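Give the three-dimensional model of this entry:
(6 chains)
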Number of protein chains: 4
Amino acid sequence: MVRNRGLLVDAARSAFAESGVEVSIGEIAQRAGVAKGTVFRHFASKDDLLAAIMLELLDRLIETADGLRDAADPGEALRELMTAGVEALAADQAFCEVVGKPSLQNAEVRAAIERFAGLVEVLTARAREEGAIRDDVTGTDIVLLLGGIQQTAAPVLGAHPDAWRRYLALTFDGLAPVHATKLPHPLPGNLQTALAAEG
Amino acid sequence: MVRNRGLLVDAARSAFAESGVEVSIGEIAQRAGVAKGTVFRHFASKDDLLAAIMLELLDRLIETADGLRDAADPGEALRELMTAGVEALAADQAFCEVVGKPSLQNAEVRAAIERFAGLVEVLTARAREEGAIRDDVTGTDIVLLLGGIQQTAAPVLGAHPDAWRRYLALTFDGLAPVHATKLPHPLPGNLQTALAAEG
Amino acid sequence: MVRNRGLLVDAARSAFAESGVEVSIGEIAQRAGVAKGTVFRHFASKDDLLAAIMLELLDRLIETADGLRDAADPGEALRELMTAGVEALAADQAFCEVVGKPSLQNAEVRAAIERFAGLVEVLTARAREEGAIRDDVTGTDIVLLLGGIQQTAAPVLGAHPDAWRRYLALTFDGLAPVHATKLPHPLPGNLQTALAAEG
Amino acid sequence: MVRNRGLLVDAARSAFAESGVEVSIGEIAQRAGVAKGTVFRHFASKDDLLAAIMLELLDRLIETADGLRDAADPGEALRELMTAGVEALAADQAFCEVVGKPSLQNAEVRAAIERFAGLVEVLTARAREEGAIRDDVTGTDIVLLLGGIQQTAAPVLGAHPDAWRRYLALTFDGLAPVHATKLPHPLPGNLQTALAAEG
DNA sequence: CATGAATGAGTCTTCATTCAT
DNA sequence: CATGAATGAAGACTCATTCAT
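The predicted structure is shown next:
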C-alpha cells in the first residue's frame, strides 16, 4: 500500500540520517514496522531506496535555492543557501556520505546535484557581481564547501550540535571580497566536469 | 621475512588509502601477494594493522609540526603545517575516516592525535599572538579544519588531485585577522573536551 | 517455516548429541538440508542454538524429577531419576560437555541446572531420611555422579550402548546405607557453592 | 638437541594437563621457549606429541600397577592403584579426554592402555578371589571407573581439589562384596573387545 | 500486496602444518 | 638442527536479495 511506502520512507530517512548509508535494510524495515521483503517491493535495491531519500533532501535544497534566486541581497541569499545546505548535511549522516563520494551516487542523484549546482552557480554569480563575495569563487566551490564545512564540525557534532555555524561563518569570511590574492587551482565552472572521473 | 612485511605494509597503506578502512583483509593480502593468514602473522587484527598505518601518518605529521615549532614566521609555519595535514588526508581515504570517527581510534591513535593537536595548539597560539591569524581561532579549530578542507576537495580529487590547495587557500584567507566579526559558538580549547560526550 | 525449524532443531540435536558442542554450524546446516545462514535466522548464535537444545534436555529432566517428588518409594524414585539423568547424558555428547564445563553454560542453562539440582536435593533428602541411601550423601553428590557414571561407560558406549546401566547399579550399591565408614571431603550442600571459585 | 626435546615435553605436559588436548601448538612452543617449527622437528604431528605425553602417564601407571602385583593385601593394592589412576586423571585434563574418547587414541596409546588394563585385570582378579571385592566386577570395570570417578569430581575440582577422593571412596564401597544383586550388562573381560567399535 | 524464510557470498580470525633460510 | 614466516582450510557470523506462501 501507499501507507507502507510512507512508513518505509520515514524509517529510511531517520535510519540513514542517524547511521549513514551502511545501515542495514533489516534495521530500516524494523523501524518501519514492515518485513524486509516489503522494502524490496517498493524499492528494487538498497541503492534505490537510498537514492529516493537523498532526492528528497536534494529537492528541498533545490527548492530553497530556487526561492532565493531573486532575493534582494544576493550575498545574504548565498549565505542563507549555504546555511540550509550545511544544516541539511549536519542533520543527515548518509547525505554527507553520498554527496562526498561520487561512487555512491546514481544517475538521478547526480542529476539532482547538477540541478542544485546550477542554481548555486546562479546565486554565486549574482553575489559575485554585486561584490558580496570575491570574484574568483565559483558555484562549484560553494557546492563543495558545504560538505567541507559540515565535515569540519562533524567530529564535535555530538557535543556541539551547532558547531557547523562557526565554520560556516569562518568560511564565509574567507569568501569575502577583501582578499587580495587569487585562489589557486581553479576548477571548471561545471560541477559535473569537475567531478569527471579519473582525470 | 622483513621484505614480506614491507610488501604487506605497502599493500595495506595503498589499499587503505584508496579504499578506506572497510577494505578487506583479503584485498590487502592479495595486493601484497601473500595469503590471508600472513596478514595476521604480522598484525594481530585488522584494527592493529590499520592503527599501525595510521600511526605512520600521524607520526610524520607530528614530526612536521615539531619542526615548525620555532619557525621564524609563525603564520607561514601554521600554513605549512595545515598544508602537510590536508595533503596527508587527501592522499588517504582511511586516514580521513579514522580521524573523523572517534570510534575507529584505538588508544595509541587517540594519543597520537592528541599529541598532534597539542602541537597545533602551540603553533596556533604563536600565530595568533603574532597577529598572523585572527584572535578568535583556536588550535581545535585548525585541527578540525584540516578534515573539512580535505572533504571540500574530496569529490573532485579524482579529476583534480590538487584541488585541496584551493580550499586551503580559501580557508586560510578566512583565518586572516582582517575580519571584524567574532566567530560564533566557540569550542573548548582542548580537542578531547570538544569531542567529549556522544550527544 | 516451522518445518524447517523443526528440521534444524532435529539436525542440531543429533549433531550435538553425536559430535559434541564443537560440531560446526555448517555440519548442522547440511544435516538439516538448509544453508548456513538459515541457522542464524532461527538462532542468533551457535551458543543460543546449543542452549536451546540443552534446555530441552534439562526441562525434560526437571519434569521427570518433579514427577518423582512425591513418589511412594523415595529410594526407587531417586534411582529412577538417576536413570533418566544418566540415560540423557549417555545419549548426548554435548549435554555431557555442557553440564561438565561451567564455561559452556549461559544464564538460562545455568538456571535450569540449578533448578534440577534443587529437585535432586529434595529427592535425595527424602531418600536419605527414609534410610534408602546412606546419610552422608547429598544432592550435590548425586548430580555430580550422573556425569561420572556416564563417563565410566563412555568409552564402551559404541559397542555397549547400555553399559551405563551397569555402572549406575554399581554406584547405587555404593549409596546403600550398609556402608559403615563416612565419605571423606564433604562438599557444601549447594551445587553452585560447590562449583564456585576457579581455583 | 636433546635439551630442547626435554623443554618441549615439559611444556607440553603442563599445557596439556592444564588446558586439555585443544591447547595450541603455539602455546606449547611458547611455554617451551622454542619456535613452533621445533615442535614438528621432534614430533611429526600434534597427535604424536600428545601421544608421547600420554604414554609417559600411562607408563607411570603401568609401573605402579606392576609394583602392586604381588602386594600382601590385594584389596588394598587395588585401592591404591585406583587412587593412583584417578589422581593422575584429576591432575591432567588431556589425559582424561584421551582415555575417555577412543577416537583420540593412536595405536601406541591404545596398546599402553591395554597393557595397563591387563595388569588391572590381574589385580582385580586377586582382589576378587580374596573376597575383597564383589565377584561380578572385572578389570575392565575398574579401568572404566577411573575415568568416571574423575569425571564425577571434575566440575568441582577448581574449588575442591581433593573431591575425587570422596567419589573414589563411594565407588569402592560399591565394589564391596556386601552387595547381593548382580550387576547387569556384564562387559567382555578384555577391554579392547569391550571398546570394539560400532557394535 | 506483504511476509519473512532462505540463500550464499563475503568478513575476520585461528591454527596445524610446511619449508626456505 | 632451529627458526618463524607462510600457507590455506576451517569456523562463526552478517546482510542484501530472492521467492514461495
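
Would you mind splitting chain A into its domains for me?
Under the assignment named as automatic domain parsing, the residue ranges that make up the domains of chain A are A:1-43, A:45-198.

I'd like to know which of those is closest to residue D:49.
Of all those, domain A:1-43 sits nearest to residue D:49, with 45.7 Å by C-beta to C-beta. C-beta here means a position set from N, CA and C on the backbone, and glycine is covered the same way.

How about the closest one and chain B, touching?
No: judged by C-beta under 8 Å from any C-beta of the partner chain, domain A:1-43 stays clear of chain B, getting no closer than 8.6 Å.

for chain A, which spans come out with low pLDDT?
Across chain A, the stretches falling below the confidence threshold (pLDDT under 70) are A:197-199.

50 instead, please
Residue ranges of chain A with pLDDT under 50: A:198-199.

Closest residue of it to DNA strand E?
Evaluated by C-beta to the nearest atom of the strand, chain A has residue A:37 as its residue closest to DNA strand E, separated by 1.7 Å.

anything in the helix or strand where that residue lies near chain C?
With secondary structure defined by DSSP states H and E, residue A:37 is part of helix A:36-42. No: contact check for helix A:36-42 against chain C, using C-beta under 8 Å from any C-beta: none in range, with a minimum separation of 11.3 Å.

Return the distance of that helix from the chain's centre.
Distance of helix A:36-42 from its chain centroid, counting by C-alpha atoms, centre = their mean, to the nearest Å, is 27 Å.

got a list of contacts for that helix?
The set of residues that contact helix A:36-42 without belonging to it, under C-beta atoms under 8 Å, 6 or more residues apart in numbering or on different chains, is A:4-5, A:8, A:25-26, A:28-29, A:32, A:49.

Show me what whichever helix or strand comes after that helix is packed against.
Past helix A:36-42, further along toward the C-terminus, the next helix or strand under DSSP H and E is helix A:46-67. Contacting helix A:46-67 under the criterion 3 or more C-beta pairs under 8 Å, 6 or more residues apart in numbering or on different chains; DSSP states H and E are the following elements: helix A:2-19, helix A:25-32, helix A:74-90, helix A:93-100, helix A:107-129.

Return the angle between stretch directions for helix A:46-67 and helix A:93-100.
Using axes from the mean of the first three to the mean of the last three C-alpha atoms, to 10 degrees, the interaxial angle of helix A:46-67 with respect to helix A:93-100 works out to 80 degrees.

Next, the angle from helix A:46-67 to helix A:2-19.
Orientation check (the same axes, to 10 degrees): helix A:46-67 against helix A:2-19 gives 80 degrees.

Any buried residues in helix A:46-67, and which?
Applying a neighbour-count criterion of 16 or more other C-beta atoms under 10 Å in any protein chain shown, the buried positions in helix A:46-67 are A:46, A:49-55, A:57-58, A:61-62, A:64-65.

Any residue of it touching DNA strand F?
Yes: under the criterion of C-beta under 7 Å from any atom of the strand, DNA strand F is reached by helix A:46-67 at A:46-47.

tell me how far that helix is from the chain's mean position?
Going by C-alpha atoms, centre = their mean, the spacing between the C-alpha centre of helix A:46-67 and its chain's C-alpha centre is 9 Å.

Output it as PDB - backbone C-alpha positions only.
These are the backbone C-alpha positions of helix A:46-67, laid out as PDB (Å, rounded to 0.1, in the frame of the first residue of the first chain):
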ATOM      1  CA  LYS A  46      19.000  -0.600  -1.200                       C
ATOM      2  CA  ASP A  47      20.700   1.900  -3.500                       C
ATOM      3  CA  ASP A  48      17.300   2.800  -5.000                       C
ATOM      4  CA  LEU A  49      15.900   3.400  -1.500                       C
ATOM      5  CA  LEU A  50      18.900   5.500  -0.600                       C
ATOM      6  CA  ALA A  51      18.600   7.500  -3.800                       C
ATOM      7  CA  ALA A  52      14.900   8.200  -3.100                       C
ATOM      8  CA  ILE A  53      15.700   9.600   0.300                       C
ATOM      9  CA  MET A  54      18.700  11.600  -1.000                       C
ATOM     10  CA  LEU A  55      16.500  13.000  -3.700                       C
ATOM     11  CA  GLU A  56      14.000  14.300  -1.200                       C
ATOM     12  CA  LEU A  57      16.800  16.200   0.600                       C
ATOM     13  CA  LEU A  58      18.200  17.500  -2.700                       C
ATOM     14  CA  ASP A  59      14.800  18.600  -3.900                       C
ATOM     15  CA  ARG A  60      14.200  20.500  -0.700                       C
ATOM     16  CA  LEU A  61      17.500  22.200  -1.200                       C
ATOM     17  CA  ILE A  62      16.800  22.900  -4.800                       C
ATOM     18  CA  GLU A  63      13.500  24.500  -3.800                       C
ATOM     19  CA  THR A  64      15.300  26.700  -1.300                       C
ATOM     20  CA  ALA A  65      17.800  27.700  -3.800                       C
ATOM     21  CA  ASP A  66      15.100  28.500  -6.300                       C
ATOM     22  CA  GLY A  67      13.300  30.700  -3.800                       C
END
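
residues in contact with it?
By C-beta under 8 Å, 6+ apart, the residues outside helix A:46-67 that reach it are A:8-9, A:12-13, A:16, A:21, A:25, A:28, A:39, A:42-43, A:80-81, A:84-85, A:88, A:92, A:94-95, A:98, A:104, A:106, A:108-109, A:112-113, A:115-116, A:119-120, A:123.

residues in chain A within reach of DNA strand E, list them.
A:1-2, A:4, A:34-38, A:40-42.

Now distance to residue C:148 and neighbour count too, for the residues you listed, in JSON lines please.
Formatted as JSON lines, the residues of chain A next to DNA strand E follow (distance: C-beta to C-beta, whole Å; neighbours: other C-beta atoms under 10 Å in any protein chain shown):
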{"residue": "A:1", "distance to residue C:148": "63", "neighbour count": "8"}
{"residue": "A:2", "distance to residue C:148": "67", "neighbour count": "6"}
{"residue": "A:4", "distance to residue C:148": "59", "neighbour count": "16"}
{"residue": "A:34", "distance to residue C:148": "54", "neighbour count": "18"}
{"residue": "A:35", "distance to residue C:148": "50", "neighbour count": "13"}
{"residue": "A:36", "distance to residue C:148": "49", "neighbour count": "12"}
{"residue": "A:37", "distance to residue C:148": "52", "neighbour count": "9"}
{"residue": "A:38", "distance to residue C:148": "55", "neighbour count": "17"}
{"residue": "A:40", "distance to residue C:148": "55", "neighbour count": "15"}
{"residue": "A:41", "distance to residue C:148": "58", "neighbour count": "12"}
{"residue": "A:42", "distance to residue C:148": "61", "neighbour count": "18"}
